[in-house]
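1. just the structure for this:
(chains A, B, C and D)
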Number of protein chains: 2
Amino acid sequence: MTESSRGRPTMKDVAAVAGVALKTVSRVVNGEPGVNPATAERVASAIERLGYRRNESARVLRRGRTASIGLVIEDLADPFYSGFSRAVEDVALRHGSLLVSGSSGEDPRRERELALAFCSRGVDGLIIVPAGTDHDYLRPELGAGVAAVFADRPGGLDTDTVLCDNAGGARAGVAHLIRHGHRRVAFVGDSAPIFTSGERLRGYRRALGEAGLPFDASLVATGPARQAGPALVRMLSGDDPPTAVFTGNGRITVAALRTGHRPALVGFDDFELADLLDPGVTVVAQDPVRLGGTAAELLFRRLSGDHGPPERIELPTRLIPRGSGELPP
Amino acid sequence: MTESSRGRPTMKDVAAVAGVALKTVSRVVNGEPGVNPATAERVASAIERLGYRRNESARVLRRGRTASIGLVIEDLADPFYSGFSRAVEDVALRHGSLLVSGSSGEDPRRERELALAFCSRGVDGLIIVPAGTDHDYLRPELGAGVAAVFADRPGGLDTDTVLCDNAGGARAGVAHLIRHGHRRVAFVGDSAPIFTSGERLRGYRRALGEAGLPFDASLVATGPARQAGPALVRMLSGDDPPTAVFTGNGRITVAALRTGHRPALVGFDDFELADLLDPGVTVVAQDPVRLGGTAAELLFRRLSGDHGPPERIELPTRLIPRGSGELPP
DNA sequence: CTGAAAGCGCTAACAC
DNA sequence: GTGTTAGCGCTTTCAG
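-> So this is what the prediction gives:
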């Protein structure tokens, strides 16, 4: 062994073996110009022989940038977010960055912990699906040069944000049901304080209003997905039950399907096999891959020096009729 | 501003503000014992005032450990791996570690790149779902003290490995079809060189053998998931078609369902909504969450100093009859 | 084209 | 209890 005792070889070890100065090794490792090809060759073979690999931690300490970005989402196991994350990963890869990620589980404290832990590790930028609304904790980090993009929901800071058209999508979905003759349309959605849930509820009310239908609070149920099924069953077995249901996200749509009841149904979010059920499930689809990709592109644009004013991008949704939304009352 | 020019405040800055030595700040930040409560309080308030946060890169450079682990999977967007990843994340969180992850896309070169990039960043350990079979590239890293666990498939190195009982599961699934009267059972699976695919095919053959049925190569199709549908259709429309199909993974099961044909079917891997289709899809379920959790626990056990011989754990599968596997020939 | 020296922010080892 | 010193492995000056 040539290197100093146990542990990985360092540039110093490589330099010793190649018979050059440490700085020359650095030049070769980083592909800097201005090294004699013969020297470079000697260094390269020393690197090979020693199995040398650059220590990123040391490099980061010196340079300040890590070529990594942090991602905070709600739950990696949710298909929506896993597609989203994969898109972010792909963009990161294309920009030579690694991805550090964590799930907040809709807990603002955990979101904060994760984001700050990522910053401590010197990520160059953050993509955050906000669990909370207060993001003052990020101020010092942004001041220190970390870029941040909010995705899926707006955060409590004026930075780049990528959303999808929640209200418009919900409005289109509910209007679709009304167009098919329904006058009592229920809304079963996520917990009310969640931004996307509120927006979708807003779209629901708007569609009702535009059709001249009254808003009936007894037709609205919001809460965690696991309560959605029972809530829907209660509604359907009450007096003057709804003939159609709009579900506020993919998990709730599935919960609704599991109740065994089959009212006319349009759900927010597309999901695998929606087309194979009987009837096929009509959905308002958003595109998690595009959402993630857009957020990541925005982030890397900032990282490469764009200092324009914060952008707010809203992606469109798409209504996909498959049968359940076209059932008559 | 008290701290040196722009950029984040350092321990030095905190020390200056608190009127103590740098080392005292270090003690407080790391919760080391032996600091006068009053002093600690002064330091704490200086930290608060300055918005100080410990620089992990510097800490890592000094200590050698990062409190982070690396995860290489096939595709984060695949529900199987997203459940798996989430389980790893949860265990990592419990051990105070962050997760750096990347998708190999079944490309051994990319697997290697990711794993080595993680090592360069000083991850304490790796969990790898091998895309390739040669893992010599990891030898220097293991030598330098990085722990590694292979999951879902064995790697080319004698380290801890967590698999599921692929052959046994497939055998049980195929036997189930045979028990329901089928004598011509097709196998549609993933590309042959993939470990899990080979094992499942082995289980298929074994079940045939045990039932005294001949192996007929024309009833076997292996390849990427997108070719599975057409291959199945070809089989079903040939002379003497199969009356039942065993599909080798979740994606292929879905592809089979999309063909519109409805032979008796048992699929490897459970998937959401399998029970809501008509008929419900009988599956051999493995548990990605348990697989990921087990791999992570194994890794952290090594990281906390267990030097026992490499373990190889095989998790059981579970046959879930739902209708499609009980159809008569 | 190549090298020597300084120092990134922190922790480990040892004083006081 | 607290402070001083050295140095982790690298990049950044600045000199040859």
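2. state whether A:F187 is indeed within a helix.
-> No. Using DSSP: H, G, I helix; E, B strand; the rest coil, the assignment for A:F187 is strand, not a helix.
3. I'd guessed it sits against A:S218; true?
-> No. Assessed by CB atoms under 8 Å, A:F187 is found out of contact with A:S218, at 11.0 Å. Just so you know, the C-beta spots here come from the backbone N, C-alpha and C atoms, and that holds for glycine as well.
4. and the strands in chain A?
-> Ranges of strands in chain A, per DSSP state E, are A:68-73, A:98-103, A:125-128, A:147-151, A:160-164, A:185-189, A:220-222, A:244-247, A:264-268, A:282-285, A:312-315, A:318-320.
5. for the first one, packing partners?
-> I take that to be strand A:68-73. helix A:79-94, strand A:98-103, helix A:108-120, strand A:125-128 (3 or more CB pairs under 8 Å, 6 or more residues apart in numbering or on different chains; DSSP states H and E).
6. try 10 Å
-> With contacts defined as 3 or more CB pairs under 10 Å, 6 or more residues apart in numbering or on different chains; DSSP states H and E, strand A:68-73 has these neighbours: helix A:79-94, strand A:98-103, helix A:108-120, strand A:125-128, strand A:147-151, helix A:288-303, strand B:98-103.
7. so which of those is the most packed in?
-> strand A:125-128 (a mean of 28; mean count of other CB atoms under 10 Å in any protein chain shown).
8. tabulate the CA atom coordinates of it in PDB.
-> Coordinates of each C-alpha in strand A:125-128 appear next as PDB, following Å, rounded to 0.1, in the frame of the first residue of the first chain:
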ATOM      1  CA  GLY A 125     -31.200  24.200  -4.200                       C
ATOM      2  CA  LEU A 126     -34.500  22.900  -2.800                       C
ATOM      3  CA  ILE A 127     -37.700  21.800  -4.300                       C
ATOM      4  CA  ILE A 128     -40.400  21.700  -1.700                       C
END
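9. where does the prediction get shaky in chain A?
-> By pLDDT under 70, the weakly predicted segments of chain A are A:1-6.
10. quick one, domains of it?
-> Taking automatic domain parsing as the reference, chain A has its domains at A:3-54, A:66-164+A:289-316, A:166-285.
11. around DNA strand D, which positions in the stretch 51-200 of chain A sit nearby?
-> Of all the residues in the stretch 51-200 of chain A, those in contact range of DNA strand D (CB under 7 Å from any atom of the strand) are A:R54, A:N55, A:A58, A:R59, A:L61, A:R62, A:R63.
12. sort out for me which of those are in helices.
-> A:A58, A:R59, A:L61, A:R62, A:R63 (DSSP state H).
13. hmm, back to that, near DNA strand C, which of the residues of the stretch 51-200 of chain A next to DNA strand D show up?
-> Counting by CB under 7 Å from any atom of the strand, A:A58, A:L61, A:R62 from those sit close to DNA strand C.
14. show me the one in these that has more neighbours than the rest.
-> Most neighbours among those, by other CB atoms under 10 Å in any protein chain shown: A:L61, with 19 neighbours.
15. now that residue: how far from B:R59?
-> As judged by CB to CB, to the nearest Å, A:L61 and B:R59 stand 10 Å apart.
16. which stretch among the helices and strands packed on strand A:68-73 comes nearest A:T161?
-> strand A:147-151 (4.4 Å; CB to CB).
17. now distance to A:D75 too, for the residues of the stretch 51-200 of chain A next to DNA strand D, in TSV please.
-> Output for these, formatted as TSV (distance: CB to CB, whole Å):
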residue	distance to A:D75
A:R54	35
A:N55	34
A:A58	35
A:R59	33
A:L61	33
A:R62	36
A:R63	34
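18. enumerate every residue touching A:L163.
-> A:150-154, A:195-196, A:199, A:286, A:291, A:295, A:312-315 (CB atoms under 10 Å, 6 or more residues apart in numbering or on different chains).
19. and it, bridged to which residues?
-> Taking DSSP bridges as the rule, A:L163 bridges to A:E314.
20. coming back round to it: could I get the helices and strands packed on strand A:68-73 in TSV, plus columns for distance to DNA strand C?
-> As requested, these are arranged in TSV below (distance: least, CB to the nearest atom of the strand, whole Å):
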stretch	distance to DNA strand C
helix A:79-94	25
strand A:98-103	19
helix A:108-120	9
strand A:125-128	19
strand A:147-151	19
helix A:288-303	19
strand B:98-103	16
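21. now distance to B:G248 too, for those, in JSON lines please.
-> Listed next are these as JSON lines, based on distance: least, CB to CB, whole Å:
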{"stretch": "helix A:79-94", "distance to B:G248": "21"}
{"stretch": "strand A:98-103", "distance to B:G248": "30"}
{"stretch": "helix A:108-120", "distance to B:G248": "37"}
{"stretch": "strand A:125-128", "distance to B:G248": "35"}
{"stretch": "strand A:147-151", "distance to B:G248": "35"}
{"stretch": "helix A:288-303", "distance to B:G248": "26"}
{"stretch": "strand B:98-103", "distance to B:G248": "21"}
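22. now A:V174: how far from DNA strand D?
-> Separation of A:V174 from DNA strand D (CB to the nearest atom of the strand, to the nearest Å): 55 Å.
23. how about A:R171?
-> Using CB to the nearest atom of the strand, we find A:R171 at a distance of 51 Å from DNA strand D.
24. need the nearest residue in space to that residue, chain neighbours excluded.
-> With sequence-adjacent residues excluded and distances taken as CB to CB, 6 or more residues apart in numbering or on different chains, A:R171 is closest to A:G203, at 3.8 Å.
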